[in-house]
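# kindly generate the corresponding structure for this input.
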Amino acid sequence: MAEESFYTTQLQAGLGLISETKELLDLWAPGMSVSQLNQVALDSGRFPNVTARRLRNVISECFSPRYLISNGAPAQHLKILSRNVSGSDLSQILLLFTARANPILSDFIRDVYWSRYAGGYAEISTVDARAFVERAIDDGKTAIRWSESTVRRVSAYLTGCCADYGLLERGTRSSRRILPLRISHLASAYLAYDLHFAGVGDNALLAHPDWQLFGLAREDVLEELKKLSLKGHVIVQAAGDVVRISWKQPSMEALCDVLSQG
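Reported below is the predicted structural model:
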């Protein structure tokens, strides 16, 4: 496993951080560095109950690796969308980038959450999360073997983060009820275009693992794309295993403008 793919404990700096992310998106401007954003956030007075050290960690270890990658493109898109779209729509896109930045969360959702959901289970417990973490360590997915306390904390971070994004119920119980997640029209359009502009071919796009975060297999993705075609975002031509997509928007910024208008 490549070094950059090792599971980390980065979720400890912050789980979903949905409200904090919205505030930081409002303060952030294109070209702003992490240190500049930190100073602007400190001066804004919008985080009265957060220590300066905590705020610095949130920005450098959570906001930056999730949304300031690719010259801040995700933050720029989210800043456009956050003005008008619903909280649940925005939350699904935040989940996408948080999972990309934290492979341990991404794999937990795919391998534990959706398998438990498909199996008809009603809950996911910290015991389930712990078993996943311990198996990952045994499989060499961490750079070093984690201590007992780290395993315990990371297991709680995984279920807590899922709760923040609406996959599990909130609360402090050791077992949390599974809440069914359905990808929204807006998140579906955003993900499809994001993969397209990243250079993923039309056929490969349908099987991209990012869709699995939302429980979608290839045939499900094709159905989502057909729904997007009815909304005028794409044109889909499918013949057997070959799919061709005509993309209506010339850029992600143009798509986000359209999506933010409803």
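# so, low pLDDT: which residues of the protein?
Where the chain drops to pLDDT under 70, the residues are 1-4.
# in stretch 49-66, which residues are buried?
55-66 (16 or more other C-beta atoms under 10 Å). Every C-beta, even on glycine, is put in place using the N, C-alpha and C of the backbone.
# what about those, which are in helices?
Taking DSSP state H, the ones among the buried residues of stretch 49-66 that sit in helices are 55-57, 64-66.
# any idea which of those is closest to Lys22?
The shortest gap between Lys22 and any of these belongs to Arg66, at 13.1 Å (C-beta to C-beta).
# strands of the protein, start to end?
123-125, 175-177, 234-239, 242-247 (DSSP state E).
# indicate each strand paired with the third one and its parallel or antiparallel sense.
The pairing partners recorded for strand 234-239 under DSSP bridges are strand 242-247 (antiparallel).
# the residue nearest to Pro180 when sequence neighbours are not counted: neighbouring residues, count only.
Closest residue to Pro180 apart from its sequence neighbours, by C-beta to C-beta, 6 or more residues apart in numbering: Tyr117 at 7.1 Å. Neighbour count of Tyr117, defined by other C-beta atoms under 10 Å: 17.
# for Tyr117, list the residues it contacts.
178, 180, 215 (C-beta atoms under 8 Å, 6 or more residues apart in numbering).
# are any of those residues buried, and if so which?
178, 215.
# ok, residues contacting stretch 246-254?
Stretch 246-254 is contacted from outside by 73, 76-77, 80, 193-194, 196-197, 232-235, 237, 255, 258, using C-beta under 8 Å, 6+ apart.
# could you rerun that using 6 Å?
With contacts defined as C-beta atoms under 6 Å, 6 or more residues apart in numbering, stretch 246-254 is touched by 77, 196-197, 233-235, 255.
# and Trp28, its phi and psi?
For Trp28, the backbone dihedrals (degrees, to the nearest 10) come out as phi -70, psi 150.
# hang on, the earlier thing: closest to Ser5 out of the contacts of stretch 246-254?
Nearest to Ser5 among the contacts of stretch 246-254 is Phe197, at 23.2 Å by C-beta to C-beta.
# check contacts around that closest one.
When contacts are counted by C-beta under 6 Å, 6+ apart, Phe197 touches Met252.
# before we move on, back to that, relative to Cys162, how far out is the residue nearest to Pro180?
Distance of Tyr117 to Cys162, given as C-beta to C-beta, to the nearest Å: 11 Å.
# related to what we said a few turns ago, Leu158 versus the residue nearest to Pro180, what's the distance?
15 Å.
# for the contacts of stretch 246-254, give me TSV that also has distance to Lys141.
TSV is the format used below for those (distance: C-beta to C-beta, whole Å):
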residue	distance to Lys141
His77	30
His196	30
Phe197	30
His233	37
Val234	36
Ile235	40
Leu255	34
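# among those residues, which ones are in helices?
77, 196-197, 255.
# which of these are buried, as a ChimeraX select command?
Burial among the ones in helices among the contacts of stretch 246-254 is assessed by 16+ other C-beta under 10 Å; the matching ChimeraX selection reads:
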select :77,196,255
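# of the ones in helices among the contacts of stretch 246-254, closest to Glu223?
Within these, the smallest distance to Glu223 is 17.5 Å, found for His196 (C-beta to C-beta).
# what sits against that closest one?
Trp247.
# try Lys79
For Lys79, the contacting residues are Leu25, by C-beta under 6 Å, 6+ apart.
# I'd say Gly14 and Arg56 touch.
No - using C-beta atoms under 6 Å, Gly14 makes no contact with Arg56, being 11.7 Å away.
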